[in-house]
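Student: Based on what follows, work out the 3D shape:
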Amino acid sequence: MTTALPEDSWLRQLRPQPARVTAAEYEALAEDLARAIEIVDGYIVFCEAPTPDHQTAGRRLANLLERHARTAVKSGRYGCLTVNNDVDLRLQDIPLLNRRPDVILYRCLDRDRGERLRAEHALLVVEIVSPGSETQDTTDKLGEYARAGIPHYWITRLDNDGVTSIERYALDRASMLYKHLGTLMKDEAGGPPEIANPIPIVIDWDELNF
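Tutor: Here you go, the predicted model:
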């Protein structure tokens with residue numbers, strides 16, 4: 001038995017996307033529109049506007065990573081590194097797969113050549129879980145970033161006071177899947193956690209408070 005939709009149902013207003021978005025079409029979009037969407041297999045995915053807490057957490061994480069990236073660069077062992085929030089990351093050209101990670105640590109781009117940020121530049125991608133992004137961050141992007149060859153992925157969770165946990169994943173090159181390295185918890189006993197990869201980082205939880 002089927003049930004007809006009411007004439008005023010919002011479902012009747014839905015229309016399929018007429019065609020997949022190409023890389024050239026995406027690059028021609030106005031910046032304010034591009035910032036509001038991601039492209040998955042050529043199809044537009046609208047991004048929810050981040051909450052103030054989400055934005056603050058992203059800024060705190062970027063600041064922490066940037067401080068340690070500068071130290072790593074000064075050591076002379078890592079080359080030029082940079083950290084950014086909410087920037088275009090090209091994972092695939094055909095069909096187009098374009099994400100905007102909350103935070104990303106990557107090798108510096110050649111600006112003179114107009115180099116675009118791609119998966120091969122990325123060392124670490126960080127996504128902050130929001131109520132509407134659980135499946136995307138823990139399943140969809142987990143697979144996408146691994147298949148693209150990004151070495152490290154962090155899934156970060158918040159409470160009302162700031163960042164409470166960081167799930168760490170490292171790429172297994174043989175399977176092109178992520179291996180869970182463990183979860184850093186704010187309330188764990190002991191001093192600030194220290195990790196060695198992708199660069200040496202000390203997770204000072206106080207820096208990640210709101």
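
Student: excluding its backbone neighbours, what's nearest the residue nearest the centre of the chain?
Tutor: Nearest residue to the geometric centre of the chain (Cα atoms, centre = their mean): P101, 2.5 Å. Spatial nearest neighbour of P101, chain neighbours left out: V125 (4.6 Å); criterion: Cβ to Cβ, 6 or more residues apart in numbering. All C-beta spots, glycine's among them, are computed from the backbone N, C-alpha and C.

Student: Quick check: phi and psi at the one you found.
Tutor: phi -120, psi 140 (degrees, to the nearest 10).

Student: number of nearby residues for it?
Tutor: 25 (other Cβ atoms under 10 Å).

Student: D102 reaches E127, doesn't it?
Tutor: Yes - taking contacts as Cβ atoms under 8 Å, D102 lies within contact range of E127: 5.3 Å.

Student: residues bridging contact with the two, i.e. touching both?
Tutor: Counting by Cβ atoms under 8 Å, 6 or more residues apart in numbering, the residues touching both D102 and E127 are T156.

Student: on that earlier part again, how much space between the residue nearest to the centre of the chain and H152?
Tutor: For P101, the distance to H152 (Cβ to Cβ, to the nearest Å) stands at 12 Å.

Student: And for E120?
Tutor: For E120 relative to H152 (Cβ to Cβ), the value is 14 Å.

Student: which of the two has more neighbours?
Tutor: For E120 versus H152, neighbours defined as other Cβ under 10 Å are more numerous around H152 (21 against 11).

Student: buried residues in the longest strand along the chain?
Tutor: When the chain is parsed with DSSP state E, its longest strand is strand 162-172. In terms of neighbour count (16 or more other Cβ atoms under 10 Å), strand 162-172 has its buried residues at 162-171.

Student: Kindly report the same for stretch 58-72.
Tutor: 58, 60-62, 64-66, 68-69, 72.

Student: distance between that stretch and the chain's centre?
Tutor: Put simply, stretch 58-72 sits 15 Å off its chain's centre (Cα atoms, centre = their mean, to the nearest Å).

Student: I'd like to check what contacts it. Which residues are they?
Tutor: So stretch 58-72 is in contact with 50, 78, 81-86, 102-103, 105, 124, 126, 128, 156, 162-163, 199-204, 207-210, going by Cβ under 8 Å, 6+ apart.

Student: Can you give me the first-to-last residue distance of stretch 69-80?
Tutor: Stretch 69-80 has an end-to-end distance of 9 Å (Cα to Cα, to the nearest Å).

Student: Mind checking the pLDDT average for that stretch?
Tutor: The average pLDDT within stretch 69-80 is 96.

Student: Stretch 56-64 too?
Tutor: Mean predicted lDDT for stretch 56-64 stands at 98.

Student: Centre of the chain to that stretch, how far?
Tutor: Going by Cα atoms, centre = their mean, where stretch 56-64 is centred and where its chain is centred differ by 13 Å.
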